[in-house]
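S.K.: here's my sequence, what's the structure:
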Amino acid sequence: MKNINRENISSLLALPLGELISLANRIRQECAGPALELCSIMNAKSGRCGEDCKFCAQSGRHNTGINTYPLKSKEEMLEMAKRAREIGAERFDIVTSGDRLSFGELRIIADAIYEIKIKIGIKMCASLGEIDEKGFLLLKNAGLTRYHHNLESSPRYFPQIVTTHTFMQRVNTVKAAKLAGLEVCSGGIIGMGETLEDRIDLAFWLRELAVDSVPINILVPVKGTPLGEKVPLSSEETLRTIALFRIILKDKIIKIAAGRESVFADAQASAFMAGANGMLIGGYLTIKGQALEKDRQLIKEIENLWSQ
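M.R.: As a prediction, the model looks like this:
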């Protein structure tokens, strides 16, 4: 099909959902191939964040009752990486709360990354907020290969969900990670009140930034946050969004993260027929995922569907 851009994307919006999904699945097959990327994450520093992201349980401005703690030890990070490897993840992501870590904290994480690379052999990702060039080079030299930093939403809608930093600050962090020679994982959250046009704009920003992996989180309303009473997206709206992301982003990894269990229930495989080719396993940051055995069954179901 012709290259989709901001000017002609409207031609796809009137397509019936079934046709859009079929097109997205064909593009996944032709451009991204048959691989399913499995990632696992660790909440290495929890809560007490000074930012005001309306969706986030870890903001110190919201009363969500989550377990808060300082940066975990190198040994705890190694143990979690070992578990990630054992459950079948090919990537392990160390995630911390807050907009920026101290250089001392970065050194602890860099030491952990180095040992994980040597002793466990899993691909390493990190999500540590804003980092300068010196910090990125420290992490890369330790063995980090990919950096995660979501844009969250479109530049139009971003100020409606975050006021303590800007959309362009997030863009600049993505650019800095790429400049350091790292792959970048960047996506957003859908179902926060944004429009479909906002989601499409986000997808084009990610394409223009040439990110490598795009996580799509489906809002799980957390009691105590400003979005705690938000009505979740329908499965149909979610599938339409995933399909449009695949059509726009073509060969990128499109990873379904938080929310797939609540939105799709026993039909989670439908997301992977709509263009997704990656998923998180082993749980999320402050909410549990589904049981590991259910994830394994889902992986088999996806592989069977893709082989037909």
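
S.K.: can you give me the helices in the stretch 151-300 of the chain?
M.R.: With helices called from DSSP state H, counting those that start in this stretch, the stretch 151-300 of the chain shows them at 158-161, 167-179, 196-208, 235-249, 260-264, 270-273, 292-307.

S.K.: so where's the stretch 201-308 of the chain uncertain?
M.R.: 284-289 (pLDDT under 70).

S.K.: still on that earlier bit, looking at the helices of the stretch 151-300 of the chain, spot the one closest to residue 281.
M.R.: helix 292-307 (4.8 Å; Cβ to Cβ). C-beta: built from backbone N, CA, C; applies to glycine.

S.K.: with just CA atoms, put the closest one into CSV.
M.R.: Taking C-alpha atoms only, helix 292-307 is exported to CSV below (Å, rounded to 0.1, in the frame of the first residue of the first chain):
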residue,chain,number,x,y,z
LEU,A,292,2.5,-16.8,34.2
GLU,A,293,0.8,-19.9,33.0
LYS,A,294,-1.9,-17.8,31.3
ASP,A,295,0.8,-15.8,29.5
ARG,A,296,2.4,-19.0,28.3
GLN,A,297,-1.0,-20.2,26.9
LEU,A,298,-1.4,-16.8,25.3
ILE,A,299,2.0,-17.0,23.6
LYS,A,300,1.2,-20.5,22.2
GLU,A,301,-2.2,-19.1,20.9
ILE,A,302,-0.4,-16.2,19.2
GLU,A,303,2.1,-18.5,17.6
ASN,A,304,-0.6,-20.8,16.4
LEU,A,305,-2.6,-17.9,14.9
TRP,A,306,0.5,-16.5,13.2
SER,A,307,1.4,-19.8,11.6
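
S.K.: what comes into contact with it?
M.R.: If you take Cβ atoms under 8 Å, 6 or more residues apart in numbering as the criterion, helix 292-307 is touched by 29, 34, 36, 38, 87-88, 268-269, 272-273, 279, 281-282, 289.
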